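Q: My questions are about this predicted structure, shown below with the sequence.
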Amino acid sequence: MKNVKIIGVPEHFNLPWHMAIEEGAFEERGINLSWSDVSEGTGRMSQMLKENQADLAIILTEGIVKSITEGNPVKIVQEYIATPLLWGIHVGYNSKFNQISELENTKAAISRFGSGSHLMAYVNAEKQDWDTRILQFEVINNLEGAVEALSLGTADYFMWEHFTTKPLVDKKTFRRLGDCPTPWPCFVIAARTDFIDENENLVKHILEIINGYTIEFKSIPSIDRTLANRYGQKIEDIKEWLSKTHWSQKQLEIETLKKVKGTLLELKLIDFEVANDKLLW
């Protein structure tokens, strides 16, 4: 039995992995796939890959491209979610801010530097025609930290996945002022380069198994109800999310990768572009 450590955020996108593990699909191939939730998101996961605390990660495209460019010995082995991530732009329920335009020159809560909440703050700022050189940040680690920061006023707004934060909007903890979708497919499967080099066939087996699950995922009877119950969501929200979300079974396209690199470079979030073969398996 080959032991493999995989990490990802505790969100509905990753249910196919949990189903495959719970149903013994990996064990049947002699793979002991151990999943760990990382609520701090992409910045923390990039660090865990770099420090050999994980072999594989389901991670945001822009975050891992930035991390690899900065020297993290990791490669993207496959696209995972083919559709954009819808980033909700949130303020505390009692905040004085009512429009996204009012957030210029305020402080964004981010899980950590290099995370999606950090990088997407730049994407949103560029979209709003703000000066990205003077963005301000408060590191809050996770969703609970964001609730505290927005409630206490140590940060002014917080960008996080629209449907994950929807229960907090419904409970009047947050108010959502709008959304900012990623300009590319949002999640990829990434692996440490040394792990890939030593386990090429194993990686292929893992991809074959998960692709079998994701290609059929949306057609599973009552999957909307299963997701709603497991992730504390309203059924109508899950149905909307499912309608917007498509899983992928192929490698990230070169044109997409060029767009990610170009945007990060333009926003001065990376200093140079690395070759595609350094990023893709």
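A: Done, it's in.
Q: mind listing what the closest residue to Gly8 other than its chain neighbours touches?
A: Using C-beta to C-beta, 6 or more residues apart in numbering and skipping residues adjacent in sequence, the residue nearest Gly8 is Ile58, 3.7 Å away. All C-beta spots, glycine's among them, are computed from the backbone N, C-alpha and C. With contact taken as C-beta atoms under 8 Å, 6 or more residues apart in numbering, Ile58 is in contact with Ile6, Ile7, Gly8, Val9, Phe13, Asn14, Trp17, Tyr80, Phe187, Val188, Ile189.
Q: wait, which of those is closest to Glu148?
A: Glu148 has its nearest neighbour among the contacts of Ile58 in Val9, at 19.2 Å by C-beta to C-beta.
Q: what number of residues lie near the nearest residue to the closest one once chain neighbours are set aside?
A: In this structure, Val9 finds its nearest non-sequential neighbour in Gly41, 5.9 Å apart by C-beta to C-beta, 6+ apart. As a burial measure, Gly41 scores 27 neighbours (other C-beta atoms under 10 Å).
Q: swap in Asp131?
A: 10.
Q: what's the answer for Phe217, then?
A: 17.
Q: right, and it touches Thr226 too?
A: No: the pair Phe217 / Thr226 is not scored as a contact, 10.4 Å apart, by C-beta atoms under 8 Å.
Q: anything in contact with each of the two?
A: Shared contacts of Phe217 and Thr226, counting by C-beta under 8 Å, 6+ apart, come down to Leu15.
Q: Excluding sequence neighbours, find me the nearest residue to Leu85.
A: Spatially, and ignoring its direct neighbours in sequence, Leu85 is nearest to Cys186 (3.5 Å; C-beta to C-beta, 6+ apart).
Q: scratch that, Asn72 is what I was asking about
A: Nearest to Asn72 is Lys50, by C-beta to C-beta, 6+ apart, at 4.8 Å.
Q: Could you pull out the helices in the stretch 1-150 of the chain for me?
A: Per DSSP state H, counting those that start in this stretch, the stretch 1-150 of the chain carries helices over the ranges 15-22, 42-50, 61-69, 116-127, 143-152.
Q: I'd like to know how many residues surround the residue nearest to Asn72.
A: Neighbour tally, Lys50, other C-beta under 10 Å: 16.
Q: List the residues that contact it.
A: Counted by C-beta under 8 Å, 6+ apart, Lys50 has contacts Ser67, Asn72, Pro73, Val74.
Q: same check, this time on Val91
A: Listed by C-beta under 8 Å, 6+ apart, the contact set of Val91 reads Phe97, Leu103, Leu150, Asp156, Tyr157, Phe158, Phe174, Arg175, Leu177.
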